[in-house]
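Just to be clear, the model below is a prediction. Sequence and coordinates:
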Amino acid sequence: QLQAERQNLIGQRNQLQAERAALIEQRDQLQGERQNLIGQRDKLQTERKDLLGQRDQLQAEQQNLIGQRDQLQAERKDLLGQRDQLQQERAALLGQRDRLKNEIGTFRSQIAQRDQEIADQDQAIAQLDQTISQRDQVIAQRETSLKQLESQQKELENKQAYLQRAVKILEEYYQDYQALRGGNLVLFRNQVLVTGVLRIVEPKAARQAVDQLLVTANKVAIENTRPGDKNFNQQVIQITPTEVAQIVDRIDDGRDYVVRILSAGNYIRGESAVQVFADVTPNRVVFQAGEVVAATATNPATMTQEQLEQRIEQLIAASQFRVRRAGVLVDKIQIGDARVETLMRFIEQLKQSDTPVDVQVVASDVTYTAGPVKMDLVAVQKGQIMFRTSPDS
């Protein structure tokens with residue numbers, strides 16, 4: 001019986017050696033596949049031209065790698081099961097050693113052999129774990145590459161859309177330039193023909209108010225396209241009934257609205273029809289009286305007259321930008337009483353200071369979306385107002 005068991009163990013050893021050789025061969029094959037994947041990763045970095053095709057290929061390779069990873073995990077699970085089985089057999093052999101003291105030497109050899117087999121199996125499992133980890137890293141790298149490709153594709157699409165918009169704007173500018181060179185352009189695209197601030201209390205009054213704005217816009221269009229023609233009853237502006245109905249529905253809620261009628265295109269002298277559209281905006285408070293719209297720092301003691309004037313011009317330009325960005329529909333702002341003398345007097349007062357002075361642009365009154373925009377220049381030093389451009393300063 002012991003001889004039979006010995007032959008059985010020898011057969012199991014040979015089988016384990018064969019499995020070990022197979023595992024070594026699998027390890028070498030996996031290392032070869034790993035080098036191949038590294039080569040593919042390096043190649044991806046240079047194949048920018050075929051981004052979309054590579055994305056599909058990478059996704060397919062990703063699925064393949066995931067399948068290989070699952071297969072390796074399954075093999076690892078099987079090896080763990082074999083290891084547990086070998087450990088059970090080792091425990092059984094230890095029990096036989098106690099029972100068969102006369103053959104303890106043989107059984108010790110068998111136990112040592114099984115321990116070695118278990119160690120080999122543990123090493124093979126560790127190698128498979130490392131291979132699985134490497135495959136996971138490759139998959140993560142592929143996923144990162146896919147995200148980079150998708151980001152590059154989106155960036156290219158955004159650039160293409162931007163370029164298309166830029167080309168369209170340049171074409172419009174070129175058309176405007178050609179019309180301006182001809183000297184016949186009398187109405188510009190998006191030019192405001194008429195502006196009205198409306199508050200509709202009675203629902204029936206909404207259509208009347210809109211019609212009155214359109215009559216005024218029609219008159220302005222005639223005055224521009226047909227100078228000298230006093231027949232304001234002829235219909236020149238064109239707007240669809242649907243658009244008019246939308247304007248009426250929009251303003252029919254008792255709130256204040258700024259309604260502007262604008263030219264939809266560029267028109268030359270003698271045009272028989274002018275296409276227009278409406279812009280409806282709630283007339284809300286944009287700046288409170290006394291609110292600082294923009295500010296800058298000056299040092300009159302070290303700045304020349306020209307530098308001070310440029311600094312004030314930049315401040316006013318920044319204020320105009322802030323006003324437009326805040327939603328005010330009026331392009332110009334009034335500083336103080338709108339006289340040049342007032343502005344120059346402010347700069348002269350500023351020049352007389354021998355210490356740094358902060359200059360602010362402050363809303364002199366409540367400013368609405370419809371305007372007007374009235375501002376004051378205010379000189380502030382250490383938190384105290386020194387002088388300003390308001391008429392009562």
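Ah, there it is.

drop to CA atoms for contacts and neighbour counts, all remaining ones
Fine.

three-state assignment of the residue sitting furthest away from the middle of the chain?
What lies farthest from the middle of the chain is Asn102; by Cα atoms, centre = their mean that is 81.8 Å. Under DSSP: H, G, I helix; E, B strand; the rest coil, the three-state class of Asn102 is helix.

now the strands for the stretch 251-393 of the chain?
Using DSSP state E, counting those that start in this stretch, the strands assigned to the stretch 251-393 of the chain run over residues 256-263, 267-268, 274-282, 285-287, 292-298, 334-335, 357-363, 367-368, 374-381, 384-388.

which residues touch the first one?
By Cα atoms under 8 Å, 6 or more residues apart in numbering, the surrounding residues in contact with strand 256-263 are 187-200, 213-214, 217, 251, 274-284, 369-370.

Let me know the angle separating it from strand 274-282.
Between strand 256-263 and strand 274-282, the angle comes out at 160 degrees (axes from the mean of the first three to the mean of the last three Cα atoms, to 10 degrees).

Adjacent strands (with direction) for strand 256-263?
When sheet partners are counted by DSSP bridges, strand 256-263 sits next to strand 192-199 (antiparallel), strand 274-282 (antiparallel).

mean confidence for that strand?
Confidence for strand 256-263, expressed as mean pLDDT, is 90.

what about that strand, distance to the chain center?
Relative to the centre of its chain, strand 256-263 is centred 31 Å away, using Cα atoms, centre = their mean, to the nearest Å.

buried ones in that strand?
256-263 (16 or more other Cα atoms under 10 Å).

The fifth one now?
Buried positions in strand 292-298, judged by neighbour count with 16+ other Cα under 10 Å: 292-295, 298.

swap in the last one?
By neighbour count, and taking 16+ other Cα under 10 Å as the criterion, the buried residues in strand 384-388 are 387-388.

who touches it?
With Cα under 8 Å, 6+ apart as the test, strand 384-388 has contacts from 346, 376-380, 393.

circling back: which of the buried residues of strand 256-263 sits closest to Pro241?
Nearest to Pro241 among the buried residues of strand 256-263: Ile261, at 14.4 Å, using Cα to Cα.

What pLDDT does the model give the spatially closest residue to the closest one that is not a sequence neighbour?
Nearest residue to Ile261, sequence neighbours excluded (Cα to Cα, 6 or more residues apart in numbering): Ala278, at 4.6 Å. Note for Ala278: predicted pLDDT of 90.
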